[in-house]
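> Turn this into a structure:
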Amino acid sequence: VQLVESGGGLVQAGGSLRLSCAASGRTLRNYDMGWFRRTPGKEREFVAGINWSGENTSYVDSVKGRFIISRDNAKNTVDLQMNSLKPDDTAVYYCNGLLGANSRTPRFDPWGQGAQVTVSS
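As a prediction, this is how the structure comes out:
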């Protein structure tokens, strides 16, 4: 599967961005999906996950109440709405499948190119 992230950019603290993940070569509706992020010098971390139907979501504590993950299985896309952004949210964001609804382990390899999100203070 080829995953393509889009929607990144530069935003001031307190602002919002919406990321989108599109896939080719596989139907995402069959998979639980997640968003991850990586900053220089740190390992990639789980940010948010959504089960195959969209009924259940999970978030890392640092983004709870600010980020919303959603999916449109008809369009084969998974989105991440990011609100009240903070400088600490600056990272390259990636989408990937998850090994299970309650998993934070990525499923697919290789990763996409990611979307750069930069939040200025």
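> okay, residue 25: pLDDT?
Residue 25 carries a pLDDT value of 81.
> quick one: low-confidence ranges for this protein?
For the chain, no stretch has pLDDT under 70.
> Point me to the helix or strand that includes the residue nearest the centre of the chain.
Centroid-nearest residue in the chain: residue 35, 2.4 Å away (criterion: CA atoms, centre = their mean). Assigned by DSSP states H and E, residue 35 belongs to strand 33-38.
> which parts of that strand are buried?
33, 34, 35, 36, 37 (16 or more other CB atoms under 10 Å). For every residue, glycine as well, the C-beta is placed using N, CA and C.
> Can you tell me the element the residue lying closest to residue 58 once chain neighbours are set aside falls in?
With sequence-adjacent residues excluded and distances taken as CB to CB, 6 or more residues apart in numbering, residue 58 is closest to residue 49, at 4.7 Å. In this structure, residue 49 is located in strand 45-50 according to DSSP H and E.
> so how far is that strand from its chain's centroid?
6 Å (CA atoms, centre = their mean, to the nearest Å).
> Now do the helix or strand that comes right after that strand: everything it contacts.
Using DSSP H and E, the next helix or strand after strand 45-50 towards the C-terminus is strand 57-59. For strand 57-59, the external contacting residues (CB atoms under 8 Å, 6 or more residues apart in numbering) are 47, 48, 49, 50, 51, 67, 68, 69, 102.
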